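Visitor: Next one to model:
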Amino acid sequence: MVMLSWVSFWIDRRAVPARVSLGITTVLTMSTIITGVNASMPRVSYIKAVDIYLWVSFVFVFLSVLEYAAVNYLTTVQERKERKLRERVRNTFVIHLLLFIPLQLNESNSSRKRGLKGHVGLRIIQNTHAIDKYSRLIFPGTYIFFNLIYWSVFS
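Guide: Have a look, this model is predicted:
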């Protein structure tokens, strides 16, 4: 189930129904597995090794859903900023056309360079594809690391 939840990192960020249904399905399946395992095990007052494994797996599945929520939110913010920028450029162009004032190349180039400098640091946050690319590596790597520790301790 944990690995199945990672499939969403390869699905296009605009395919909302596919990513949400995959995320919700894996979360519900993990909760069903946890409930079934707990029902079949004897009741004890301490935490069992299987509880640790299942709950950490549940956290990984849930984090993959939160990853898409972050990607979706940042995509919406990015598209809103791009739409405002396009409107601002279009309105500036229309005003210059209406007033018959020629655009001065030096001013437009320098203002364009100044506008880009402030956005370079936010490239990873704005590039939602990068978040999915990093998640494709970080999630499996971290889960493998958890498994190495878990199985070395509990075997």
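
Visitor: what bits of the protein have low per-residue confidence?
Guide: 94, 96-128 (pLDDT under 70).

Visitor: would you list every one of the strands in it?
Guide: Per DSSP state E, the chain has no strands. Nothing in it meets that criterion.

Visitor: Domains in it, by residue range?
Guide: 20-100, 124-154 (the TED database).

Visitor: So for Ile11, which of those domains sits nearest?
Guide: With Cβ to Cβ as the measure, domain 20-100 is the member of the domains of the chain nearest Ile11 (7.3 Å). All C-beta atoms are positioned from the backbone trio N, CA, C, and that covers glycine.

Visitor: Pull the distance from the closest one to the chain's centre.
Guide: Domain 20-100 has its C-alpha centroid displaced from the chain centroid by 6 Å (Cα atoms, centre = their mean, to the nearest Å).

Visitor: quick one on the thing from earlier: how about the domains of the chain, which one is nearest Trp10?
Guide: So among those, domain 124-154 is nearest, using Cβ to Cβ, at 7.2 Å.

Visitor: Tabulate the domains of the chain (TSV), appending distance to Trp6 and mean neighbour count.
Guide: As requested, those are arranged in TSV below (distance: least, Cβ to Cβ, whole Å; neighbours: other Cβ atoms under 10 Å):
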stretch	distance to Trp6	mean neighbour count
domain 20-100	6	13
domain 124-154	6	13
